[in-house]
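K.L.:
Got a predicted model here, sequence first, then my questions.
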Amino acid sequence: MKIQPLADRVVIEPISVEEKTKSGIILPETADKERPEQGKVIAVGLGRLLKNGKRKPMEVKKGDLVLFTKYGPNEVKIDNKEYLIAKEEDILAILE
């Protein structure tokens, strides 16, 4: 299934970062962890509609690795895979 976000929304595939404790123990995927804050942009909307009728271009593009706010995006499940849908303002940075 293909998903096309509306306006200034972005579909993000979350990336789980391997977590270690201070003593070097690696936490498994099943451990109770915080929600991820990094992800890969899967799809972007056309941009926010301005008062003059034009659209503000999106600053992120498909394929970008981004850092986003922890609780801003909404979780969705498509074809048994979890994604996040966020407004562009919830994206804090593009990672290089």
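P.N.:
That came in fine, so what should we check first? Residues are numbered from 1 along each chain as shown.
K.L.:
Report the contact partners of the residue lying closest to residue 42 once chain neighbours are set aside.
P.N.:
Closest residue to residue 42 apart from its sequence neighbours, by C-beta to C-beta, 6 or more residues apart in numbering: residue 11 at 4.4 Å. Quick note: C-beta positions are derived from backbone N, CA and C, even for glycine. Going by C-beta atoms under 8 Å, 6 or more residues apart in numbering, residue 11 touches 3, 5, 41, 42, 43, 44, 83, 84, 85.
K.L.:
hmm, which of these are the buried ones?
P.N.:
Among these, those scoring as buried are 5, 41, 42, 43, 44, 83, 84, 85 (criterion: 16 or more other C-beta atoms under 10 Å).
K.L.:
Make sure residue 77 is indeed in a strand.
P.N.:
Yes: judged by DSSP: H, G, I helix; E, B strand; the rest coil, residue 77 forms part of a strand.
K.L.:
give the contact list for it.
P.N.:
With C-beta under 8 Å, 6+ apart, residue 77 has these contacts: residue 83.
K.L.:
Report the beta-bridge partner residues of it.
P.N.:
For residue 77, the beta-bridge partners are residue 82 (DSSP bridges).
K.L.:
Pairing partners for the helix or strand containing the residue nearest to residue 42, with directions?
P.N.:
According to DSSP states H and E, residue 11 maps onto strand 9-15. As defined by DSSP bridges, the strand partners of strand 9-15 come to strand 38-44 (antiparallel), strand 81-87 (antiparallel).
K.L.:
Now do the same contact list for the closest residue to residue 5 other than its chain neighbours.
P.N.:
Closest residue in space to residue 5, ignoring its immediate chain neighbours: residue 45 at 4.3 Å, by C-beta to C-beta, 6+ apart. Each residue near residue 45 by C-beta under 8 Å, 6+ apart is listed here: 4, 5, 6, 7, 8, 9, 10, 58.
K.L.:
By neighbours, which of those residues wins?
P.N.:
residue 10 (27 neighbours; other C-beta atoms under 10 Å).
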